[in-house]
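Undergrad: below: sequence and its predicted model.
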Amino acid sequence: MQSKSIISGKTCNSGTHEYRAEEEKEIQERPRTGEKPKRKKGEAGKDGVIRHRSDDPHAVTGEEDRNDVLDGGSLRRRLGKTNKKEERNGPTFHKIMKKGAVEGFEPDPYLACVLNCMLWVFYGLPFVHPHSILVVTINSIGLFVEMIYVIIYFIYAPAKKRTKVVVVFFLELLLVGVVVVVTLLCFHDTIKRSLLVGIIAVVFNACMYLSPLLIMGKVIKTKSVEYMPFLLSLANFLNGSVWVIFALLRFDPYLLSGNGLGALGGLVQLIIYAIYYKSTPKNMDNRRNESGLELPTTQEQTRG
């Protein structure tokens, strides 16, 4: 008498229930297609080494997990999300020193800050604009910090960008020297000196605040804020806002006009950053895959 197995659907010569039970048990114990047989705790693997699994569900254990790590698999994926977020949110010069290259970052904002600080230090001196000790103090500190940034940028920049830094910095020194000489030799009272230096400082103050906007075209085109530092944009907005309040209290038209424009420019940068922030990780991944920095799919196909 012939009967069909419930599981396999094949015809067998025996109609006994024992045969069916044995066949069903054998099928259930058989590993699924593509699934590696599970190894019990303390059981030796193919290489004869006994491995013990950790109670931590995320621990990398076993031969299959070890191979996955060696192939740059799960461990790279686990760390990838954290690293990409740190790269996107970390300070600009921390990323530059960590990578050993300036990549797409430009020196324009920092060189503009250097020139701006030098002009405002001269503007705040007693023989140019009396009673401006705060202007001198704060911009002296700013000049020191910005020079450190420019030096770091110069160290990690390629030859072309190094040349740009040197040329621009030399022109800035030349400009400040001309302003100092003309102010001291051609004007002999603080009112006229304040007017001349104040107007020049306002112009370059606006250049400093608007220099990060040069990268906005790249941000909009790539839909990525990777090379528009958030902290710089935030600092521009806060710095401009504080100086606007200070200028209103003293009614200094030069400080008010330049820093008012700076606060507005910083606000625009923050708005642009908020719009394209979420699309940045995806676009960074696409560019990296196109440049061949990460080719996990190709590597897996090659190994297969």
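TA: Great, that's in hand. Treat the numbers as computed from the prediction; the structure is a model and nothing was measured.
Undergrad: got the contact list for stretch 159-172?
TA: For stretch 159-172, the external contacting residues (C-beta atoms under 8 Å, 6 or more residues apart in numbering) are 102, 107, 111, 114, 115, 118, 150, 153, 154, 157. Where you see a C-beta, it was placed from the backbone N, CA and C, and this is true even at glycine.
Undergrad: low-confidence ranges, the stretch 101-250 of the chain, go.
TA: 210-214, 227 (pLDDT under 70).
Undergrad: helices of that one, residue ranges please.
TA: Taking DSSP state H, counting those that start in this stretch, the helices of the stretch 101-250 of the chain run over residues 108-123, 133-156, 159-186, 190-210, 216-222, 230-250.
Undergrad: format these as CSV; extra columns: mean neighbour count and distance to residue 98.
TA: Formatted as CSV, those follow (neighbours: other C-beta atoms under 10 Å; distance: least, C-beta to C-beta, whole Å):
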stretch, mean neighbour count, distance to residue 98
helix 108-123, 24, 18
helix 133-156, 16, 10
helix 159-186, 13, 18
helix 190-210, 19, 26
helix 216-222, 14, 22
helix 230-250, 16, 16
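Undergrad: any chance of the ones you listed in JSON lines, plus distance to residue 272?
TA: Below are the helices of the stretch 101-250 of the chain laid out as JSON lines (distance: least, C-beta to C-beta, whole Å):
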{"stretch": "helix 108-123", "distance to residue 272": "15"}
{"stretch": "helix 133-156", "distance to residue 272": "22"}
{"stretch": "helix 159-186", "distance to residue 272": "24"}
{"stretch": "helix 190-210", "distance to residue 272": "13"}
{"stretch": "helix 216-222", "distance to residue 272": "6"}
{"stretch": "helix 230-250", "distance to residue 272": "8"}
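Undergrad: can I get the contacts of stretch 159-172 in TSV including distance to residue 179?
TA: Formatted as TSV, those follow (distance: C-beta to C-beta, whole Å):
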residue	distance to residue 179
102	30
107	22
111	17
114	14
115	10
118	9
150	20
153	25
154	25
157	28
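Undergrad: nearest to residue 185, of those?
TA: Set against residue 185, the nearest of the contacts of stretch 159-172 by C-beta to C-beta is residue 118 (18.7 Å).
Undergrad: quick check: the closest one touching residue 146?
TA: No: Residue 118 is not in contact with residue 146 according to C-beta atoms under 8 Å; the separation is 9.6 Å.
Undergrad: between all of the contacts of stretch 159-172, which two are separated the most?
TA: Between any two of the contacts of stretch 159-172 (C-beta to C-beta), the greatest distance is 23.2 Å, for 102 and 118.
Undergrad: contacts only, for the nearest residue to residue 128 once chain neighbours are set aside.
TA: Nearest non-adjacent residue to residue 128, counting by C-beta to C-beta, 6 or more residues apart in numbering: residue 193, 4.6 Å away. Each residue near residue 193 by C-beta under 8 Å, 6+ apart is listed here: 127, 128, 129, 183, 184, 187.
Undergrad: show me which pair in those is furthest apart.
TA: Maximum distance among these (C-beta to C-beta): 13.5 Å, for 129 and 184.
Undergrad: which outside residues touch stretch 140-155?
TA: Here stretch 140-155 makes contact (C-beta under 8 Å, 6+ apart) with 93, 96-97, 102, 105, 107, 110-111, 113-114, 117-118, 121, 161-162, 165-166, 169.
Undergrad: check the gap between the residue nearest to residue 175 when sequence neighbours are not counted and residue 186 for me.
TA: Among residues not flanking residue 175 along the chain, residue 115 sits closest, at 7.2 Å (C-beta to C-beta, 6+ apart). Separation of residue 115 from residue 186 (C-beta to C-beta, to the nearest Å) stands at 21 Å.
Undergrad: then residue 260?
TA: Counting by C-beta to C-beta, the gap between residue 260 and residue 186 amounts to 29 Å.
Undergrad: over to residue 103?
TA: Counting by C-beta to C-beta, the gap from residue 103 to residue 186 is 45 Å.
Undergrad: all good on my end, thank you.
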